[in-house]
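1. Have a look at this prediction, sequence included:
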Amino acid sequence: MLLSLPAPVAPIAAHSLLLFLLQVGSLLLLAVVFGRLAARFGMPAVVGELLVGVLLGPSLLAWAAPGLHGWLFPAVTEQYHLLDAVGQIGVILLVGFTGMQMDMGLLRRRRAAAAGVGLGGLIVPLGLGIGAGYVLPKMLIPEGTDSTVFALFLGVALCVSAIPVIAKTLMDMKLLHRNVGQLTLAAGAIEDAFGWFMLSVVSAMAVTAVSAGAVLISLGYLVGVVVFALTIGRPLVRGVMRTAARSDGAGLTVSAAVILIFLASAGTQALGLEAIFGAFLCGILINTAGKVDPVKLAPLRTVVLAVFAPIFFATAGLRMDLTALIRPQVLLTGLAVLALAIIGKFVGAYAGARISGLNKWEGLALGAGLNARGVIEIVVAMVGLRLGILSVEIYTIIILVAIVTSLMTPPILRFAMKRVEQTAEEEVRETEHRAWAAEPVKNEQEHSL
């Protein structure tokens, strides 16, 4: 009796491959160009990279040259998924690498400050968002959507921060080694962990009647992941990285780090948590593994920051359609929600910083850093649109918040950080971060001459 084997899966079609290569090449080219232009005007490269998707998406190219947009970016699910896959690799590696550069000694000493800032920047915008959800014009809310579900979802959308955007901004501005930069990422991780937990709960409420048991299960997964990382994950990662470090060259160390980050991301994704949460935790574990030569991981940093991350930020804007803001009611509602989002995050983070003993300039910098919603808020908005919780108009308003807050973060952050003196501890950390880039100070000075 012969076994009946399934037919092999057909490879990607020639035209689909052609479009994919043109899309990736065009997005990366423009991301590099606009990133350099942003840097020329004193802005982080991520600002220019985010604008690329807006220019090539429905907001501009589809309106100015619909034929070209329809050919280069056809409305085909599989074609967009190819770009999404490349973008997800980029953001997962970026967040994982950011975790590798976290100073856990500082965070242990300043855990009260990180928790205070995180909770302050979480509770205030969450409350304002929920309140706004009950008073927004009913015509902008999809018919049949429960008002409580909508209000909770809007609160979640306004309380999240975007660790990928924050991390890239801090790297571009060379502020990742500063205490404020480290605290911003730690507070952002607290906010995002709670945000993804709340997103899962509200999404369940939109589909079925959520039970107390389901909420406890989601919370249990979140706690379980952290406990697993501290008990089993830490020695496991330490063993893998130390074994890889014995080889000559950087290849095996880079491969081991990428494999661990991908598997950790898959684990949290399987539990209903966001993949980047697992990547961030894994990066921290690699950082604390010990005996990992930063120079061996420098090639990973180069590829992530020069290729994958720019593609991810460029693809983030391809689904944005800002033309809906032409309608006066939508624009006015959008400006009101934007004001609530900015004020809520600034007030919450600043209050948390001041209560935790930080000065006013550090509080202002933390408020600016955590205000960057970026692609995380875009992901949340896409979930709401898919579930029917958000209308196209509210979706566009949330996208507006994501773009504006990401663009306003760098100048305010630069203004505040000029008034925060660098400590000796930060100088030591800066030297360590230079090792990740495999570029000594002397070489940087030579290149600038």
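-> On my side now, so go ahead. Residues are numbered from 1 along each chain as shown.

2. contacts, neighbours, all on C-alpha from now
-> OK.

3. show me where pLDDT drops low in the chain?
-> Low-confidence regions of the chain, defined by pLDDT under 70, span residues 1-4, 106, 204, 207-215, 290-291, 374-375, 433, 435-449.

4. And the helices in the stretch 1-150 of the chain?
-> Along the stretch 1-150 of the chain, counting by DSSP state H, counting those that start in this stretch, helices occupy 14-40, 45-56, 61-64, 66-72, 77-100, 104-109, 111-135, 147-159.

5. Quick check: which of those is nearest to residue 230?
-> Across those, residue 230 has its closest neighbour in helix 104-109 (12.9 Å, CA to CA).

6. by contact count, what packs against the closest one?
-> For helix 104-109, the packing partners by 3 or more CA pairs under 8 Å, 6 or more residues apart in numbering; DSSP states H and E come out as helix 179-207.

7. residues of the helix it packs on that come out buried?
-> Using 16 or more other CA atoms under 10 Å as the test for burial, helix 179-207 gives 179-206.

8. For the helix or strand following it, which outside residues touch it?
-> Note on helix 179-207: by DSSP states H and E, the next helix or strand toward the C-terminus is helix 212-228. Here helix 212-228 makes contact (CA atoms under 8 Å, 6 or more residues apart in numbering) with 193, 197, 200-201, 268, 271-273.

9. CA atoms of the helix or strand that comes right after helix 212-228 as PDB?
-> Next along the chain after helix 212-228, taking DSSP H and E as the criterion, comes helix 234-245. The C-alpha trace of helix 234-245 is given here as PDB (Å, rounded to 0.1, in the frame of the first residue of the first chain):
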ATOM      1  CA  ARG A 234      18.200  33.000  33.400                       C
ATOM      2  CA  PRO A 235      20.400  29.900  33.800                       C
ATOM      3  CA  LEU A 236      19.300  28.500  30.400                       C
ATOM      4  CA  VAL A 237      20.200  31.700  28.600                       C
ATOM      5  CA  ARG A 238      23.500  31.900  30.600                       C
ATOM      6  CA  GLY A 239      24.400  28.400  29.500                       C
ATOM      7  CA  VAL A 240      23.600  29.000  25.800                       C
ATOM      8  CA  MET A 241      25.400  32.300  25.600                       C
ATOM      9  CA  ARG A 242      28.500  31.100  27.400                       C
ATOM     10  CA  THR A 243      28.700  28.000  25.200                       C
ATOM     11  CA  ALA A 244      28.400  30.200  22.100                       C
ATOM     12  CA  ALA A 245      31.100  32.600  23.400                       C
END
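
10. Pull up the distance across stretch 35-51, start to finish.
-> 9 Å (CA to CA, to the nearest Å).

11. what does stretch 247-254 give?
-> 11 Å.

12. same thing with stretch 243-260?
-> For stretch 243-260, the separation between the terminal residues is 13 Å (CA to CA).

13. Mind listing what's buried along that stretch?
-> Neighbour-count burial for stretch 243-260, counted by 16+ other CA under 10 Å, picks out 244-245, 250, 252-254, 256-258, 260.

14. Tell me which residue lies nearest the centroid of this protein.
-> Nearest to the geometric centre of the chain sits residue 164, at 3.0 Å (CA atoms, centre = their mean).

15. To which secondary structure element is it assigned?
-> Using DSSP H and E, residue 164 falls in helix 163-172.

16. what about that helix, distance to the chain center?
-> In this view, helix 163-172 has its centroid 8 Å away from the chain centroid, taken as CA atoms, centre = their mean, to the nearest Å.

17. Please look at residue 309 and residue 86 and confirm they touch.
-> No. The criterion here is CA atoms under 8 Å, and residue 309 misses it with residue 86 at 9.5 Å.

18. out of the two, which sits in the more crowded spot?
-> Between residue 309 and residue 86, counted using other CA atoms under 10 Å, residue 309 has the larger neighbour count: 29 against 16.

19. tell me the SS of the more buried one?
-> Following DSSP: H, G, I helix; E, B strand; the rest coil, residue 309 is assigned to helix.

20. hang on, the earlier thing: quick check: the residue nearest to the residue nearest to the centre of the chain when sequence neighbours are not counted vs residue 420, distance?
-> In this structure, residue 164 finds its nearest non-sequential neighbour in residue 95, 5.9 Å apart by CA to CA, 6 or more residues apart in numbering. Distance, residue 95 to residue 420, using CA to CA: 26 Å.

21. Mind checking which of the two has more residues around it?
-> Neighbour totals were compared for residue 95 and residue 420, and residue 95 leads with 28 against 16 (other CA under 10 Å).

22. contacting residues for the more buried one?
-> Shown in contact with residue 95 (CA under 8 Å, 6+ apart): 163-164, 167, 276, 279-280, 283.

23. Now flag whichever of these is closest to residue 78.
-> Nearest to residue 78 out of the contacts of residue 95 is residue 276 (CA to CA; 22.7 Å).

24. Apart from its chain neighbours, what residue comes closest to that closest one?
-> Residue 276 sits nearest to residue 92 (CA to CA, 6+ apart), 5.5 Å away.

25. Just list the residues touching the spatially closest residue to residue 308 that is not a sequence neighbour, thanks.
-> Distances taken as CA to CA, 6+ apart put residue 90 closest to residue 308, at 4.3 Å, once the chain neighbours are dropped. By CA under 8 Å, 6+ apart, residue 90 lies in contact with 304, 308-309, 311-312.

26. I'd like to know how far residue 422 sits from residue 175.
-> Separation of residue 422 from residue 175 (CA to CA): 10 Å.

27. So which of those two has more stuff around it?
-> With neighbours defined as other CA under 10 Å, residue 422 and residue 175 compare such that residue 175 has more, 19 against 13.

28. dump the residue contacts of that one.
-> Taking CA under 8 Å, 6+ apart as the criterion, residue 175 is in contact with residue 181.

29. returning to what we had before: show me which of the buried residues of stretch 243-260 is closest to residue 127.
-> Distance to residue 127, by CA to CA, is smallest for residue 260 among the buried residues of stretch 243-260, at 37.0 Å.
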